[in-house]
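J.: coords below, sequence missing:
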Ligand code: RP5
């Protein structure tokens with residue numbers, strides 16, 4: 001496994017599965033796990049501290065509400081951590097976004113957009129990072145992008 005996808009709750013899976021689907025598409029191996037910053041804090045520390053030795057290169061963390069998960073994960077590992085703000089019921093994910101994106105200087109989290117687009121892009125960005133040292137994954141990313149471009153060029157009429 002080269003990517004770890006973790007999330008605060010099973011309820012985050014409908015969002016975070018878009019990261020997994022993107023990694024499937026791009027041929028990147030990953031693991032998925034529910035790890036909560038506030039409900040299972042010791043598990044979070046253990047997961048983040050052991051990730052590098054287990055061969056993980058990038059961690060994607062998704063959480064909603066007061067979303068500490070990506071920041072706490074980044075505090076426990078030097079691996080790159082990508083944060084996905086899950087769309088919360090009360091505040092539509094604005095709370096998740098601000099919790100994840102406003103990391104104080106010194107510990108970095110790469111924050112994506114709220115919801116499914118952010119989760120898919122986290123998968124894409126993780127693959128791009130893996131692609132810097134894995135030529136096959138880089139080729140897969142390049143093929144994905146050129147197919148995406150060609151689909152738009154082949155369908156220019158918005159009314160069709
Ligand atoms: C966060 O609280 C999770 O990431 C989830 O987005 C949110 C709600 O969790 P549940 O109450 O649905 O388990 O920790």
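T.: All right, it came through fine. Because the structure is a prediction, the values reported are computed rather than measured. Numbers count the residues shown, from 1 in each chain.
J.: who in this structure is up against the ligand?
T.: Selection of the chain residues close to the ligand by Cβ under 6 Å from any ligand atom yields 7-9, 11-12, 36, 63-65, 86. (Each C-beta comes from the backbone N, C-alpha and C, glycine too.)
J.: which helices and strands sit right next to the longest helix anywhere in the chain?
T.: Looking across the chain with DSSP state H, the single longest helix is helix 135-154. In terms of contacts (3 or more Cβ pairs under 8 Å, 6 or more residues apart in numbering; DSSP states H and E), helix 135-154 is packed against helix 116-131.
J.: now the strands: where do they sit in this structure?
T.: Along the chain, counting by DSSP state E, strands occupy 3-7, 30-34, 58-63, 81-85, 110-111.
J.: wait, doesn't residue 65 sit right on residue 88?
T.: Yes. Judged on Cβ atoms under 8 Å, residue 65 makes contact with residue 88 at a distance of 5.0 Å.
J.: overlap in contacts, those two.
T.: 95-96 (Cβ atoms under 8 Å, 6 or more residues apart in numbering).
J.: residue 24: how many residues sit nearby?
T.: If you count neighbours by other Cβ atoms under 10 Å, residue 24 ends up with 13.
J.: next: residue 39.
T.: 11.
J.: and the pLDDT at it?
T.: With respect to pLDDT, residue 39 scores 97.
J.: ok, the one 4 residues further on next?
T.: At residue 43, the model reports a pLDDT of 98.
J.: residues contacting it?
T.: 35-36.
J.: do the same with residue 17
T.: Shown in contact with residue 17 (Cβ under 8 Å, 6+ apart): residue 119.
J.: quickly note the distance from it to residue 144.
T.: 18 Å (Cβ to Cβ, to the nearest Å).
J.: likewise for residue 112?
T.: For residue 112, the distance to residue 144 equals 17 Å [Cβ to Cβ].
J.: with neighbour numbers in mind, choose between these two.
T.: residue 112 (26 against 15).
J.: what sits against that one?
T.: By Cβ under 8 Å, 6+ apart, the neighbours of residue 112 are 82-85, 118-119, 121-122, 125.
J.: name the pair among the residues you listed with the greatest separation in space.
T.: By the measure Cβ to Cβ, 85 and 125 form the most distant pair in the contacts of residue 112, at 14.5 Å.
J.: the more surrounded of these two?
T.: Legend: neighbour count by other Cβ under 10 Å for residue 85 and residue 125, higher for residue 85 (28 against 20).
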